[in-house]
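Peer 1: what's the 3D shape of this:
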Amino acid sequence: MALRLRAGVPGPAELGLDTLGGRRVVRVEVRSDEARGALSPAASATVAAAADRARASRLPLLVVLTTSGADVRDGVAALHGWGGIARALTRCSGVVPVLAAVTGPVVAGPSLLLGLTDVVVLVEDAVAFVNGPHTVTAVTGERVDATGLGGAAVHARRSGLAADVAGDLGEALGFLAAVLAHLPDHVDAEPPRWRTDDPADRPTPEAGAVIPAASSGSYDVRLVTGAVLDDGELVELWSEWAPNLVTGFGCLGGRPVGVLANQPLALAGTLDIPASQKGARFVDLCDAFGVPVVTFVDTPGFFPGKDLEWRGMIRHGAQLVAAYARATVPRLCLVLRKAYGGAYIVMDSKGLGSDLVLAWPTAEVAVMGARGAVEILHRRAGPEERAALEAAYEARYLTPWIAAERGLVDAVIDPAETRAMLVRSLAALESKRERLPRRTHDTGPL
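Peer 2: Got it, this is the predicted structure:
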């Protein structure tokens, strides 16, 4: 560290001022070489002091963490200590970026601290869990080892905790540096501008060429975002969790943007509970730090299923609705192909307050697809009549033109014009400001 603070305080926690990717940060590290990183009251006070220092100095906070939990030798005072960390991290939320790298075990109650950070990276051999394998076996009878319970792969694919998995600490810090490069130091600063030689008016015909001729055809939406973003670069977060929605940071004309895109390669781009949570979490992160949001839409709707409904599809789907609806940053939406029903509304539609909604000629903005509509409206029709009715429905309703006539789509554009339109629109919205209602905070769905 460039400058150590609280250097004389005993325990495994070290606090200081450092740099990450050339940016100044407050860094706190809990090492495993002393009591396996157990958090004593003094160590917890050092981590809490780091969060307070970051908030007061308006600098990003970097947490490098390995801990066996609260130090049992200190009893309830150790529990009180990590509770203080939780309060300090919560006060940092939305004020300064909070980034975490997990280099080893993070277990018991203090593992919850990871859920209070903005972006978490786990190294490959790290584990994190609230209750360990022995407790799980004793209570449930299920046998599982530490890796199977809370390994890096588990948190990358199933829990959504890990935005990325790294080979070592250096790789983890490299990923966090790439993320931080798109974020400001604090809530009152503007995101940094990037230098780029990529022309703002570069034609992007290759973006439209990605869309298959068949409406049911699949493709990788990252080929579209890669064609549009500066130098084709996207720093993707949570790539293995909810792969039916792509989230990540990129730039347009040198301006950092947050990108959300339905991914037809996974679940046909439908929205389910994890995708809704992932999208809401990312929109909130962008909105907190003034990063404009660009949404690429191609979804036939919400994924159906009894299990999803029982697990709270309504409540979790509403998280994404609320995140978009309350976001005050510039918001651009591009409909690539399918935009059906409730999922069309959820993916940053005009109704939710999107600043600009564009569509390609291939866009299908409708209540539902042709087959579903004909089954409802003409359920007694024979096969041949149904085929004709579906074709008629597609020709009349599965286009962007009706939505454009009603002002729900601002413009239908050629795919080759996509990058130029998005860059110009982003520049025009640079001065956007919204007056927020006076309230402590909203009570949106959790």
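
Peer 1: now do the one helix or strand C333 maps to: distance to the chain's middle.
Peer 2: Assigned by DSSP states H and E, C333 belongs to strand 331-340. Chain-centre distance of strand 331-340: 18 Å, with CA atoms, centre = their mean, to the nearest Å.

Peer 1: other SSEs contacting it?
Peer 2: Counting contacts by 3 or more CB pairs under 8 Å, 6 or more residues apart in numbering; DSSP states H and E, strand 331-340 packs against strand 293-299, strand 356-359, strand 364-366, helix 418-428. Bear in mind the C-beta positions are built from the backbone N, C-alpha and C, glycine included.

Peer 1: which positions in the first one come out as buried?
Peer 2: Think strand 293-299. Buried residues in strand 293-299, counting neighbours by 16 or more other CB atoms under 10 Å, are found at V293, V294, T295, F296, V297, D298, T299.

Peer 1: give the next helix or strand downstream of the strand holding C333.
Peer 2: Next in line after strand 331-340, if elements are assigned by DSSP H and E, sits helix 341-346.

Peer 1: sort out which residues of that next one are buried, please.
Peer 2: By 16+ other CB under 10 Å, the buried positions in helix 341-346 come out as G341, A343, Y344, V346.

Peer 1: I'd like to know how many residues surround V76.
Peer 2: Residues lying near V76 (other CB atoms under 10 Å) number 9.

Peer 1: buried ones in stretch 223-243?
Peer 2: Within stretch 223-243, the residues scored as buried using 16+ other CB under 10 Å are 224-230, 233-243.

Peer 1: cool, and stretch 162-176?
Peer 2: Buried-residue list, stretch 162-176, by 16+ other CB under 10 Å: A162, A163, D164, V165, A166, L169, E171, A172, L173, F175, L176.

Peer 1: just give the nearest non-adjacent residue to A101, would you?
Peer 2: Nearest residue to A101, sequence neighbours excluded (CB to CB, 6 or more residues apart in numbering): A172, at 4.2 Å.

Peer 1: now do the same end-to-end measure for stretch 339-352.
Peer 2: Terminal residues of stretch 339-352 lie 14 Å apart, using CA to CA, to the nearest Å.

Peer 1: quick one: mean pLDDT for it?
Peer 2: Average pLDDT, stretch 339-352: 90.

Peer 1: before we move on, what about stretch 254-269?
Peer 2: Averaging pLDDT along stretch 254-269 yields 97.

Peer 1: got the CA coordinates for it in PDB?
Peer 2: The C-alpha trace of stretch 254-269 is given here as PDB (Å, rounded to 0.1, in the frame of the first residue of the first chain):
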ATOM      1  CA  GLY A 254     -15.800   7.700 -25.100                       C
ATOM      2  CA  ARG A 255     -18.700   7.900 -22.600                       C
ATOM      3  CA  PRO A 256     -19.100   4.900 -20.200                       C
ATOM      4  CA  VAL A 257     -22.400   3.100 -20.400                       C
ATOM      5  CA  GLY A 258     -24.100   0.200 -18.700                       C
ATOM      6  CA  VAL A 259     -25.400  -2.400 -21.200                       C
ATOM      7  CA  LEU A 260     -28.300  -4.800 -20.700                       C
ATOM      8  CA  ALA A 261     -29.200  -7.200 -23.500                       C
ATOM      9  CA  ASN A 262     -31.600 -10.200 -23.700                       C
ATOM     10  CA  GLN A 263     -29.500 -13.200 -24.800                       C
ATOM     11  CA  PRO A 264     -31.400 -15.500 -27.300                       C
ATOM     12  CA  LEU A 265     -28.800 -18.200 -26.800                       C
ATOM     13  CA  ALA A 266     -30.100 -18.900 -23.300                       C
ATOM     14  CA  LEU A 267     -33.800 -19.700 -22.600                       C
ATOM     15  CA  ALA A 268     -34.600 -17.900 -25.900                       C
ATOM     16  CA  GLY A 269     -33.900 -14.600 -24.100                       C
END
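
Peer 1: how far out from the middle of the chain is it?
Peer 2: In terms of CA atoms, centre = their mean, the centre of stretch 254-269 is set 10 Å apart from its chain centre.

Peer 1: start at 8 instead
Peer 2: Got it, the first residue is 8 from now on, which makes the last one we talked about stretch 261-276.

Peer 1: may I see the buried residues of that stretch?
Peer 2: Neighbour counts using 16+ other CB under 10 Å place 262-271, 273-276 of stretch 261-276 among the buried residues.

Peer 1: same question, stretch 354-365
Peer 2: Within stretch 354-365, the residues that count as buried by 16+ other CB under 10 Å are M354, D355, S356, K357, L359, S361, D362, L363, V364, L365.

Peer 1: can you flag the weakest of the helices and strands packed on strand 338-347 by average pLDDT?
Peer 2: When these are compared by mean pLDDT, strand 371-373 comes last with a mean of 83.
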